[in-house]
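In: give me a model of this one.
(one chain, ligands or ions: 1)
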Amino acid sequence: MSKPASTPTPENTQLKDIVAHAKEYGFVFQSSEIYDGLAAVYDYGPNGVELKNNLKRLWWEAMTQLHGNVVGIDAAIFMAPQTWEASGHVAGFNDPLIDNLDSKKRYRADVLLEEKAAEYENAGDPARGAALTAEMGRLLTANDLAGVRQLILDEKIKCPVSGTGNWTEVRQFNLMFSTQGSAVDSDAPPVYLRPETAQGIFVNFLNVQKSARMKIPFGIAQIGKAFRNEIVARQFIFRMREFEQMEMQFFVRPGTEGEWYDTWKAARRRFHEALGLPPEKLRFHDHDKLAHYAKAAVDIEYEFPFGFKEMEGIHSRGDFDLTQHQNLSRKKQQYFDNDIDEATGKPYGNYVPYVVETSVGADRLFLATLCQAFQEETITEGEGETQTTKQRTLLKLHPAVAPIKAAIFPLVRKDGMPEKAQQIFDDLRFDFRLVIEDKDAIGKRYTRQDLIGTPFCIVVDGQTLEDDTVTVRHRDTREQTRMPISALRAYIGEAVSFKTVFAKL
Ligand code: ATP
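Out: Residues are numbered from 1 along each chain as shown. From the prediction side, this is the model:
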């Protein structure tokens, strides 16, 4: 899709609608918008932060609470500069960049080629797309940057901004942000903002293993910010310069990594399906070019409005990271395994464990969730002569992650109804995030809640004052159920519980 982002295709029209919706209803704002924004940096609004926190909490509990052998940490963003030498980020872990001489815009060469491959695929020629990504993988693995450039020329890839194929050489760049490490010593080495959260886990491997008395196999989970000076600032929050990762490094006995890779690959896909991403919009994509640390790697891709793109990566990293840290720090990163090896009849003994990693971007999961939930439908109201149809826009979010679980509407602002609504709010606020809405006609209030994905609207009316019952209106079906106020906690609780997702894992 190396066409200008403004080309009015159905796909990007839909993304445009989602971006506008996200802003208007308090999900995502461009950072520093009053100063015309900062490229590829975004802020989450009142509804966005609730949705994102719910997604993060769901992932966190699915990792740490559902698995007795996975514990969490929260490592600092700044790390000793040697960390990034050991990981390979300073020296070799670079991205191939190419500049267009006319627009002066810079692109990641691999991204341009992947977009071209996606274009073939969308045009019904997946074989040609696959051949292109395979060739790109071969050239990148061989570090043949001139070959990568030639491939861009052969494919006649044009700059989306200038529309020309006037390209520079392909060069390797380091995408890490750096800052001054010391306020007094200007010669002090720079401190980097971490480009991935994984290293905070690797350097704490023994601290966690010993303090939490973990036995292999075990995992360490972490949610945190990561920073990359990404130059492809398109596609909304898909590619940001400051983003959040949810990573879990699973430490295993060498030789068992293949089984664990398969296990986590399947488990992670189930997670996305349980959250409501339909199976046909998810797919596995094996890496054509393996990173220097990886023995096997697969992406879980979701079909965003701009095509199938990576949402999560699952990597079999071998002992690369721990060995690198062991060599550079001169501190042993070994585990003593006293389980008996049946082949020798002796304990497995000391070794550097292998790692299987699952790494998902909280922002990409958020975007997938939002794209999936965003729906426009035609609804019919009334019957016979009075029947009318209208369009409605709604977010069909899974109730477990919806920002607000229920809105309480006093039918009118008098006769004791507002007080009754307040009583219900007070009674349920320890359990759920709720709002009271008393402005405008009921229909308008339903519309407002549909737009932010609130699963239930509770209406307090004249009958409520007589018999303590309310109507509960369902977002997706628009059906209404009358029930006693005393039944609300269990009714809403059942629908919004994380258990509804966990049960499908
Ligand atoms: P891509 O190829 O799309 O740049 P990557 O392969 O470099 O991604 P990883 O290093 O595997 O990504 O990071 C793991 C996850 O972190 C990704 O699957 C993605 O969800 C998220 N992620 C990576 N880079 C960004 C970014 N710039 N903005 C938002 N999320 C990101």
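In: state whether residue 50 is indeed within a strand.
Out: No. Under DSSP: H, G, I helix; E, B strand; the rest coil, residue 50 falls outside any strand and is assigned helix.
In: helices along the stretch 201-350 of the chain, start to end?
Out: Taking DSSP state H, counting those that start in this stretch, the helices of the stretch 201-350 of the chain run over residues 205-211, 257-274, 320-329.
In: out of those helices, which comes closest to residue 487?
Out: Across these, residue 487 has its closest neighbour in helix 257-274 (26.5 Å, C-beta to C-beta). Quick note: C-beta positions are derived from backbone N, CA and C, even for glycine.
In: packing partners of that closest one?
Out: strand 242-252, strand 282-286, strand 296-304, strand 307-318, strand 354-361 (3 or more C-beta pairs under 8 Å, 6 or more residues apart in numbering; DSSP states H and E).
In: can you lay out the ones you listed as a markdown table showing mean pLDDT?
Out: Output for the helices and strands packed on helix 257-274, formatted as a markdown table (pLDDT from 0 to 100):
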| stretch | mean pLDDT |
| --- | --- |
| strand 242-252 | 98 |
| strand 282-286 | 95 |
| strand 296-304 | 96 |
| strand 307-318 | 96 |
| strand 354-361 | 98 |
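In: nearest to the ligand, out of those?
Out: strand 354-361 (2.5 Å; C-beta to the nearest ligand atom).
In: from the chain's centre, how far out does that closest one sit?
Out: 14 Å (C-alpha atoms, centre = their mean, to the nearest Å).
In: show the subsequent helix or strand relative to it.
Out: Later in the chain than strand 354-361, the nearest helix or strand by DSSP states H and E is helix 362-373.
In: which strands or helices does that next one pack on?
Out: For helix 362-373, the elements it packs on are helix 10-24, helix 46-60, strand 242-252, strand 296-304, strand 307-318, judged by 3+ C-beta pairs under 8 Å, 6+ apart.
In: next one: it to chain centre, how far?
Out: Distance, stretch centre to chain centre, for helix 362-373: 7 Å (C-alpha atoms, centre = their mean).
In: repeat that for stretch 31-39.
Out: That offset, for stretch 31-39, works out to 23 Å (C-alpha atoms, centre = their mean).
In: any idea how far residue 75 is from residue 69?
Out: Per C-beta to C-beta, to the nearest Å, residue 75 is found 20 Å from residue 69.
In: and the residue nearest to residue 354 when sequence neighbours are not counted, what does it touch?
Out: Of all residues not flanking residue 354 in the chain, residue 257 sits nearest, at 4.5 Å (C-beta to C-beta, 6 or more residues apart in numbering). For residue 257, the contacting residues are 295, 316, 318, 354, 355, 356, taking C-beta atoms under 8 Å, 6 or more residues apart in numbering as the criterion.
In: please apply the same query to residue 340.
Out: Here residue 340 is in contact with 346, 347, 348 (C-beta under 8 Å, 6+ apart).
In: so in terms of bridging, what pairs with it?
Out: Residue 340 has the following beta-bridge partners by DSSP bridges: residue 347.
In: tell me the SS of the residue of the stretch 401-505 of the chain found nearest the ligand?
Out: The stretch 401-505 of the chain approaches the ligand most closely through residue 401 (17.1 Å), counting by C-beta to the nearest ligand atom. Under three-state DSSP, residue 401 falls in the coil class.
In: thinking again about what came up before, okay, residue 75 and residue 69: which has more neighbours?
Out: Neighbour totals were compared for residue 75 and residue 69, and residue 75 leads with 18 against 14 (other C-beta atoms under 10 Å).
In: which residues touch that one?
Out: Contact analysis of residue 75 by C-beta under 8 Å, 6+ apart lists 197, 200, 201, 203, 204, 222, 224.
In: closest one to the ligand among the helices of the stretch 201-350 of the chain?
Out: Of all the helices of the stretch 201-350 of the chain, it is helix 257-274 that lies closest to the ligand, at 10.8 Å by C-beta to the nearest ligand atom.
In: please save the CA atoms from that closest one in PDB.
Out: Taking C-alpha atoms only, helix 257-274 is exported to PDB below (Å, rounded to 0.1, in the frame of the first residue of the first chain):
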ATOM      1  CA  GLU A 257      12.000 -24.800  23.600                       C
ATOM      2  CA  GLY A 258      10.200 -26.200  20.600                       C
ATOM      3  CA  GLU A 259       7.300 -27.600  22.600                       C
ATOM      4  CA  TRP A 260       7.000 -24.400  24.600                       C
ATOM      5  CA  TYR A 261       7.100 -22.300  21.500                       C
ATOM      6  CA  ASP A 262       4.100 -24.300  20.100                       C
ATOM      7  CA  THR A 263       2.300 -24.100  23.400                       C
ATOM      8  CA  TRP A 264       2.600 -20.300  23.800                       C
ATOM      9  CA  LYS A 265       1.900 -19.700  20.100                       C
ATOM     10  CA  ALA A 266      -1.500 -21.500  20.500                       C
ATOM     11  CA  ALA A 267      -2.200 -19.900  23.900                       C
ATOM     12  CA  ARG A 268      -1.600 -16.400  22.700                       C
ATOM     13  CA  ARG A 269      -3.900 -16.900  19.700                       C
ATOM     14  CA  ARG A 270      -6.600 -18.200  22.000                       C
ATOM     15  CA  PHE A 271      -6.300 -15.100  24.100                       C
ATOM     16  CA  HIS A 272      -7.100 -12.800  21.100                       C
ATOM     17  CA  GLU A 273     -10.000 -15.000  20.000                       C
ATOM     18  CA  ALA A 274     -11.400 -15.100  23.600                       C
END
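In: is any residue of that helix near the ligand?
Out: No. Residues of helix 257-274 contacting the ligand under C-beta under 6 Å from any ligand atom: none, with a closest distance of 10.8 Å.
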